[in-house]
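**Student:** pasted the sequence and its predicted model underneath.
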Amino acid sequence: MSATDGFAPVRGASVGTLSALVTATAHTFGGGMFPSDAALVLLVLVCAAVGYATAVAPRAVVSTAVAPRAQLPVVLATAQAIGHLLLTAVDGHHHGSITQQMLAAHAVAVLVGALAIRGAEHGIRRAVTSLRRALPLLTALVVDDNRIAPPLPVYRIPGSTLLLDLSGCGNRGPPVRTA
């Protein structure tokens with residue numbers, strides 16, 4: 001995750017979205033209760049902040065001691081841990097220690113999320129590379145404009161070009177009385 005990477009905004013949005021969605025889902029399926037509205041709003045705000053930080057300054061989010069391949073899972077795990085603590089604190093649902101079921105749900109969510117984000121980045125890179133190879137070939141094609149659409153004849157209407165003739169000539173009033 002480099003700061004000059006063109007995929008940083010997409011990665012940040014993906015991290016924020018996946019973190020919020022997966023944290024709420026893993027917390028619920030892992031034995032916690034479904035988050036309240038206030039908890040969901042705070043969760044979305046926190047995960048959006050983590051996603052923004054990931055997009056803007058990825059080195060500030062994760063230390064440089066972490067291997068580049070492990071940075072994305074570390075960010076996802078951190079966002080989920082913060083989200084889990086937030087859901088626990090806001091809803092007042094203190095379930096004691098984290099159950100193995102909830103820990104497994106969060107771990108699977110981190111791995112699946114990291115693989116999905118990496119897969120999307122790889123797919124976008126392949127698509128952009130293919131377009132870069134295909135576009136120069138398309139510019140070499142000569143297109144005959146007359147074969148696509150023959151030129152249409154231009155018709156001119158004689159007389160005034162105004163939509164309404166405001167010159168004052170013509171029958172503009174009621175008929176004259178013939179008494």
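**Tutor:** That came through, no problem.
**Student:** now residue 71: how far from residue 51?
**Tutor:** 14 Å (C-beta to C-beta, to the nearest Å). Every residue, glycine included, has its C-beta placed from N, CA and C.
**Student:** for residue 24, give me its contacts.
**Tutor:** Shown in contact with residue 24 (C-beta atoms under 8 Å, 6 or more residues apart in numbering): 34, 35, 40, 43, 83, 87.
**Student:** farthest-apart pair in the residues you listed, please.
**Tutor:** 34 and 83 (14.0 Å; C-beta to C-beta).
**Student:** my guess is residue 84 contacts residue 22. True?
**Tutor:** No - contact between residue 84 and residue 22 fails when scored by C-beta atoms under 8 Å: they sit 10.5 Å apart.
**Student:** any common contacting residues for the two?
**Tutor:** Common neighbours of residue 84 and residue 22 (C-beta under 8 Å, 6+ apart) are residue 106.
**Student:** just want to know which of residue 71 and residue 51 has more residues nearby.
**Tutor:** residue 51 (24 against 19; other C-beta atoms under 10 Å).
**Student:** wait, that one sits on residue 10?
**Tutor:** No - with contacts counted by C-beta under 8 Å, residue 51 stays clear of residue 10, the gap being 10.3 Å.
**Student:** so for residue 34 and residue 83, which sits in the more crowded spot?
**Tutor:** Taking other C-beta under 10 Å, residue 34 and residue 83 do not tie; residue 83 has more neighbours (26 against 13).
**Student:** wait, that one touches residue 48, no?
**Tutor:** No - here residue 83 does not reach residue 48: they are 11.2 Å apart, not a contact under C-beta under 8 Å.
**Student:** identify the contacts common to these two.
**Tutor:** With C-beta under 8 Å, 6+ apart, residue 83 and residue 48 have common neighbours residue 20.
**Student:** quick one: low-confidence residue ranges for the chain.
**Tutor:** 1-5, 30-32, 57-68, 92-98, 145-146, 150-151, 156-173, 175, 179 (pLDDT under 70).
**Student:** which residues are in contact with the helix or strand hosting residue 52?
**Tutor:** Per DSSP states H and E, residue 52 falls inside helix 37-56. Residues from elsewhere that reach helix 37-56 (C-beta under 8 Å, 6+ apart): 1, 8-9, 11-17, 19-20, 23-24, 35, 60-61, 75, 78-79, 82-83, 86-87, 90-91.
**Student:** and the buried ones among those residues, selectable in PyMOL?
**Tutor:** Those of the contacts of helix 37-56 that count as buried under 16 or more other C-beta atoms under 10 Å are selected in PyMOL with:
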select buried, resi 1+8+11+12+13+14+15+16+19+20+23+24+35+61+75+78+79+82+83+86+87+90+91
